[in-house]
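K.L.:
Sequence plus predicted model, see below.
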Protein chains: 2
Amino acid sequence: MVQFRMDVSTARWLIFGPGVAGLCFVAFLVHRIMKNDEGSESVREIVGAIRSGARVFLHREYRILAIFTVVMVIVLVLLVEPRPWSGIAYLFGTVMSALAGFLGMAIATRANGRTTVAAERNWHEGLQVAFSAGGVMGFSVVSLGLIGVALTVIVTGDHYLALSFAFGSSAVALFLRVGGGIFTKCADVGADLVGKVENSIPEDDPRNAAVIADNVGDNVGDIAGMGSDLYESYVSSIAAAIVLGVAAYGTREGVLLPLVLAAVGILVSIVGALLVRPTHREDDFEKQVEGAQRSMNFGVYAANVLMIVVSFFLIRWMTGGLAVFWALLVGMLAGVGISAATEYYTSAAYKPTQEIARASTGGPALTIMQGFSLSMVSIVAPVVIVSAASLVAYAATGLFGIGMAALGLLVNLGVTLSMDCYGPISDNAAGIAEMAGLDHRVRERCEALDAVGNTTAALGKGFSIGSAALASLAWIATYFETAGIEVANLMYIEVLVGTLLGGMLPFLFSALAIGGVGRGAADVVTEVRRQFKEIPGLMAGSARPDYERCVDIATKRALREMIIPGLLVIVVPLALGYTLGPKAVAGLLVGALITGFMLATMMSNAGGAWDNAKKFVESGEVGGKNSEAHKATIVGDTVGDPFKDTAGPSLNILVKLVGKVAVIFAAGFTALIVF
Amino acid sequence: MVQFRMDVSTARWLIFGPGVAGLCFVAFLVHRIMKNDEGSESVREIVGAIRSGARVFLHREYRILAIFTVVMVIVLVLLVEPRPWSGIAYLFGTVMSALAGFLGMAIATRANGRTTVAAERNWHEGLQVAFSAGGVMGFSVVSLGLIGVALTVIVTGDHYLALSFAFGSSAVALFLRVGGGIFTKCADVGADLVGKVENSIPEDDPRNAAVIADNVGDNVGDIAGMGSDLYESYVSSIAAAIVLGVAAYGTREGVLLPLVLAAVGILVSIVGALLVRPTHREDDFEKQVEGAQRSMNFGVYAANVLMIVVSFFLIRWMTGGLAVFWALLVGMLAGVGISAATEYYTSAAYKPTQEIARASTGGPALTIMQGFSLSMVSIVAPVVIVSAASLVAYAATGLFGIGMAALGLLVNLGVTLSMDCYGPISDNAAGIAEMAGLDHRVRERCEALDAVGNTTAALGKGFSIGSAALASLAWIATYFETAGIEVANLMYIEVLVGTLLGGMLPFLFSALAIGGVGRGAADVVTEVRRQFKEIPGLMAGSARPDYERCVDIATKRALREMIIPGLLVIVVPLALGYTLGPKAVAGLLVGALITGFMLATMMSNAGGAWDNAKKFVESGEVGGKNSEAHKATIVGDTVGDPFKDTAGPSLNILVKLVGKVAVIFAAGFTALIVF
């Protein structure tokens, strides 16, 4: 048994200090964004439309979430021990997560126009505004997450409540990720299809009624959705590590190590974010993009190296050994490895994506076939890396090691999430430049800003997928711990059936999400066509389309289509637990992890590769723009949209959420039929 | 403990009698086919080209198979107990399986032209020839399978050798299914793409150099491939049932029950096949198709009902109880249920496929999206049915029940496989009619014959998928039995890692198969284009293309592309067994079953639905032929080709083959690293 060398009051300083520092950093970034000019009347009008659309969506979504939360809190307060604390911790988790999503989106819809205006003056200033806005999301998430878990555990003195807190954050993530993901892709695919079918309107053309909805989608799907998703991953990893830590060390102090390490991560992330300062200021795009890229990578790598050094000494000081350090390190390395693999399979700089582009000369069928084949191969590296990482982490320090490895992947989330959210904000800024009819150079600058974000986004996706898999393993271990199951033998028929039903869930869930996008996109297409037909002067540019209607249609569709997948994730584990019993649920969790992890990776990578194959062709390769190959890659890109931005990321939440439902309700599971 | 009421010598009569009767029925069918006229010079020339192409392919494939077999036999003779019998049984399994494949294909390539000629005279006679040829395949498979297993077990007196015999048949199935599947789709997709790209040549046009290769593909992929696949399923189910039966009953007589039931299945299948006699003889196609359909369904249902009745009394007489009967019955019902679900999701008569067709008005991206979404939903029913069936079968009579349920799905294979193979023979006949320039009505008649086969093919696919899943469960149980593992707890890290690696295999395997088709199709396209450019007078119809080159290209590609997936299936379980030990392999088998079963179902159904959505549009719906929707469904159909005919069915073999590798080598597995 390892002894902790730190007293609890010191640890409190070490935890809440960085948490509050993160919030101060957020305030600083908000100040830096808001001092920028809001721009001309036309920019303000467009930004206003986007902001109000986003507000409407979030408002309606939060209303549904509120109803769901009330029901869940009542259930937890009545049924789940310790009563009523489990319900209260759940509510707290939901509120903190919703707050992080709200904050990030509020600032993103204020920073997008300001980025356009700043980029009008100077490329470098545009980058600063957009990156600061990403930082608001990134550091809100980590600070509110850490403070929330730490308060829950320290105030109540019951470390198991960290699980209820994390469970609360999952519900928000599920709603925002699935709902936001469906919204954004209904609008995006719908707008693209009309653009293509009508054959004359470019992307982001203000005459297209779906164009505002498309931009709203960037905010609600890519920013709020991603933020709440990673908030959930972050909090879940910490919570699982705490429970496994206490099980391993047998003392309440086992709580402190994960919290202190997460806190250190916030500090080093702030350092990393401050190091992001591109040096090239003249208007040579390629050099600027390259310089900005280098500077961002530098920030991330610096944060990682710092984290390694600090955690080495901290862990040795706190535990007297390095076992925990190896587990944390292997998690960090796994993240880097999966990111590198993701980049290889999805970037136009490498063979796989280029092969998709080349196959496209034979038409869209080969684009799809090749994309599928490559995305299915692309799961091998992540699966092998996660397998190896869990073996090493387990060898280092048992199941707690798996929890620490999961935490290792996300310990620098502050800086990586800043970069993830930076991308969609730049994308929005480019759209605004187009819609406001600004000089073409402004749009180009904003697109260059967006290009900087593309590679770093691959980095973020790798971390997100890897952390979902490892966190899910950690929650499976937590389930065994809380359900008191000693043996879930694969030879038990109920365990086998559990794995089959669990494996089925991600397929069904993806089907519903992709189907929802297909149906919603069709609705949007119909509406845009109707407006072109019925609003006189719209095509000529003398009348304004009814943007609100498209936002409304996508909102309704998104909220309706997310209900069934959301319920499935909660109902299926419960139904199984109360009929075939807790061992069948253990099978369910493993089955869901296997197919969920692999389908998520496959769909994310397929979508990314199709997207970049299109860009590769547009850059003049394999026939260039408007060639047959280009048309084929557009088909691939459209198919990939709901794969990479709706179904794929939603599965990351699903695999953890089934684990949480199981953990929270484990005590009540009994087998009706005993085999 | 149940006592058997039948002495072994009676049982021998009951087993070998029907086995030999099946072979006599095959001889009768061959005679019925061969007495038909071979047709005109032009028909004979085309048939000759197809036959020689098929012979070349099979010859080269069997050469590779021979090398592989020699290596495997040496390994088994040297390493696997009982030596040298395990190697000999393996060899015997390989030879019998190769023989069944050879027989079926030899007759199919003689019956295709005769079907055309018979159809020239009379629709009804065409049906008889084609159905008889299907019957040759169907009854060769079951008779040689049953006789092979029974001889192995009875001559050696060691029931475990049934496993080695089944293992031998798997290797043939893998090579023929994967190799044949890649061959047929290279040729098919390649021929279609050129047809589309050159934009002027219809399907099966003799000027297209890939057209013979396409027809060869029907024989080597759809007939020999499917036959060897189902031979393997059949033998595997019997073998697993025997081993589990002996474990359950503890007596050597446990061997007899599965064998006798399989033998009864042959007899009732003969009755069913003889009942297939369409009554409408006048040339009203719709009535004929309907009548033929009804007659075929009648044959299958009659065989099933007979089987239920006979097995009820037989099992009660032999075991004194009905536990085994319930397990067999639940397997038969599961097959019917999965078939009904398959038909619902893939037939143009129902909503899902029609929805794909309707979505196609928005372009190919929506065709693909909708097809994916629906095919992912379509796994739910099979998974739930297999889960329910295994629970019931297990409740009835333990693990042996799962073996009997798997056997129940295939017990009437004789008649169902006859119908499965009937389809591609009619398809071939239609192609021959077109190439030989026969009257348009002949082609129409042959296509009507093909249409009859389409629904029954869905029936066959359902049985094939369901039996793969249940047989794989039975082999997992057999693995626990032979490896002597008592507990493979899901909480052991090596078991979890095993499930992840196992789950990865089907993705990688599918990727390689689909990628192989994509690459091969591109080769074929290049070659056909080259011939059009370089052979003077080809387009005008005055010169003949070089068909052999296309056959050669597809053959080389197929043989090359099947090596790595084939090795993977064998190497990965061995590598895992010798490093992380036997429990990790148990995880691997379950992981592979989960993703393999689901991906196979998804891909088969996606391919089937896209195919029929195209036919639905061609029948005049949603814009009809040459509309935008039609073009979009052609893209879907092409993408679906390797899904449904290469990757999907190959996965059915994969999930069982990993189980067999594990079972055969289980005794040697040890963990290098102990966690």
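P.N.:
In hand now; what should we look at? Just so you know, these numbers come straight off a predicted model, no measurement behind them. Residues are numbered from 1 along each chain as shown, chains lettered A, B, ... in the order given.
K.L.:
centroid residue for chain A?
P.N.:
For chain A, the residue sitting closest to the mean C-alpha position, by Cα atoms, centre = their mean, is A:M226 at 3.3 Å.
K.L.:
Could you check which helix or strand contains the residue nearest to it when sequence neighbours are not counted?
P.N.:
In space, and not counting its chain neighbours, A:M226 is closest to A:D420: 6.0 Å by Cβ to Cβ, 6 or more residues apart in numbering or on different chains. Placement of C-beta: from N, CA and C, glycine included. When elements are assigned from DSSP states H and E, A:D420 belongs to helix A:413-435.
K.L.:
Likewise for A:W475?
P.N.:
Judged by DSSP H and E, A:W475 forms part of helix A:440-483.
K.L.:
repeat for A:A393
P.N.:
helix A:380-410.
K.L.:
any idea of the mean pLDDT in that helix?
P.N.:
Model confidence over helix A:380-410, given as mean pLDDT, is 95.
K.L.:
Now do the helix holding A:D420 against helix A:440-483: the angle between them, please.
P.N.:
For helix A:413-435 against helix A:440-483, the angle by axes from the mean of the first three to the mean of the last three Cα atoms, to 10 degrees is 140 degrees.
K.L.:
which parts of helix A:413-435 are buried?
P.N.:
A:413-435 (16 or more other Cβ atoms under 10 Å in any protein chain shown).
K.L.:
Only C-alpha atoms, please: export that helix in CSV.
P.N.:
C-alpha atoms of helix A:413-435 as CSV (Å, rounded to 0.1, in the frame of the first residue of the first chain):
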residue,chain,number,x,y,z
LEU,A,413,-7.7,19.2,-22.6
GLY,A,414,-7.6,23.0,-21.9
VAL,A,415,-5.2,23.7,-24.7
THR,A,416,-6.3,20.9,-27.1
LEU,A,417,-10.0,21.9,-26.9
SER,A,418,-9.1,25.6,-27.5
MET,A,419,-7.7,24.5,-30.8
ASP,A,420,-10.7,22.3,-31.6
CYS,A,421,-13.2,25.1,-31.1
TYR,A,422,-11.0,27.6,-32.9
GLY,A,423,-11.7,25.8,-36.2
PRO,A,424,-15.5,26.2,-36.4
ILE,A,425,-15.3,29.8,-35.3
SER,A,426,-13.0,30.6,-38.2
ASP,A,427,-15.3,28.7,-40.5
ASN,A,428,-18.2,30.8,-39.2
ALA,A,429,-16.1,34.0,-39.8
ALA,A,430,-15.5,32.9,-43.4
GLY,A,431,-19.2,32.4,-43.9
ILE,A,432,-20.0,35.8,-42.4
ALA,A,433,-17.4,37.5,-44.8
GLU,A,434,-19.2,35.9,-47.7
MET,A,435,-22.7,36.7,-46.6
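K.L.:
by how many degrees do it and helix A:380-410 diverge?
P.N.:
Using the same axes, to 10 degrees: helix A:413-435 against helix A:380-410 is 110 degrees.
K.L.:
returning to that earlier point: what separates the helix holding A:A393 from the chain centre, distance-wise?
P.N.:
20 Å (Cα atoms, centre = their mean, to the nearest Å).
K.L.:
do it and chain B meet at all?
P.N.:
Yes: Helix A:380-410 reaches chain B (Cβ under 8 Å from any Cβ of the partner chain) through A:380, A:383-384, A:386-387, A:390-391, A:394-395, A:402.
K.L.:
And the furthest pair within those residues?
P.N.:
For those, the farthest-apart pair by Cβ to Cβ is A:V380 and A:A395; their separation is 22.5 Å.
K.L.:
Pick out whichever of those two has more residues nearby.
P.N.:
Set A:V380 next to A:A395 and count neighbours by other Cβ atoms under 10 Å in any protein chain shown: A:V380 wins out with 19 against 16.
K.L.:
Tell me how far the closest residue in space to the more buried one that isn't next to it in sequence lies from A:M369.
P.N.:
Excluding the flanking residues, the one nearest A:V380 by Cβ to Cβ, 6+ apart is B:L508, at 5.7 Å. Distance of B:L508 to A:M369, given as Cβ to Cβ, to the nearest Å: 16 Å.
K.L.:
Out of the two, name the residue with the larger neighbour count.
P.N.:
Using other Cβ under 10 Å as the criterion, B:L508 and A:M369 rank with A:M369 on top: 26 against 19.
K.L.:
you'd agree the more buried one is up against B:V639?
P.N.:
Yes: the criterion here is Cβ atoms under 8 Å, and A:M369 meets it with B:V639 at 5.7 Å.
K.L.:
one step back: who wins for most neighbours among the residues of helix A:380-410 next to chain B?
P.N.:
Going by other Cβ under 10 Å, A:I402 tops the residues of helix A:380-410 next to chain B with 34 neighbours.
K.L.:
who touches that residue in this structure?
P.N.:
A:244, A:327, A:390, A:393-394, A:470, A:473-474, A:477, B:493 (Cβ atoms under 8 Å, 6 or more residues apart in numbering or on different chains).
K.L.:
nearest to B:S604, of the residues you listed?
P.N.:
Once Cβ to Cβ is applied, the member of those that ends up nearest B:S604 is A:L473, at 31.2 Å.
K.L.:
how many neighbours does that closest one have?
P.N.:
Neighbours of A:L473 (other Cβ under 10 Å): 31.
K.L.:
how close does it get to B:G516?
P.N.:
33 Å.
K.L.:
what about the spatially closest residue to A:G17 that is not a sequence neighbour, how many neighbours?
P.N.:
Nearest residue to A:G17, sequence neighbours excluded (Cβ to Cβ, 6+ apart): A:A263, at 7.2 Å. A:A263: 26 surrounding residues under other Cβ under 10 Å.
K.L.:
likewise A:S9?
P.N.:
Considering only other Cβ under 10 Å, A:S9 is surrounded by 8 other residues.
K.L.:
pretty sure the residue nearest to A:M226 contacts A:G460?
P.N.:
Yes: assessed by Cβ under 8 Å, A:D420 is found in contact with A:G460 at 3.9 Å.
K.L.:
Could you name the helices and strands sitting against the helix holding A:D420?
P.N.:
Here helix A:413-435 touches helix A:41-79, helix A:85-121, helix A:123-156, helix A:211-217, helix A:226-249, helix A:256-274, helix A:285-319, helix A:440-483, going by 3 or more Cβ pairs under 8 Å, 6 or more residues apart in numbering or on different chains; DSSP states H and E.
K.L.:
For B:A11, find the nearest of these.
P.N.:
Of those, nearest to B:A11 by Cβ to Cβ is helix A:440-483, at 47.4 Å.
K.L.:
Can you check what angle separates that closest one from helix A:226-249?
P.N.:
30 degrees.
K.L.:
Next, see if helix A:440-483 gets close to chain B.
P.N.:
Yes: contact of helix A:440-483 with chain B (Cβ under 8 Å from any Cβ) involves A:473, A:476-477, A:480.
K.L.:
give me the low-pLDDT residue ranges for chain A?
P.N.:
By pLDDT under 70, the weakly predicted segments of chain A are A:1-6, A:196-200, A:250-253, A:279-283, A:285, A:454-458.
K.L.:
thinking again about what came up before, which residues are in contact with the residue nearest to the centre of chain A?
P.N.:
By Cβ under 8 Å, 6+ apart, the neighbours of A:M226 are A:177, A:417, A:420-421, A:649.
K.L.:
do you know how far it is from A:D611?
P.N.:
Distance from A:M226 to A:D611, by Cβ to Cβ: 16 Å.
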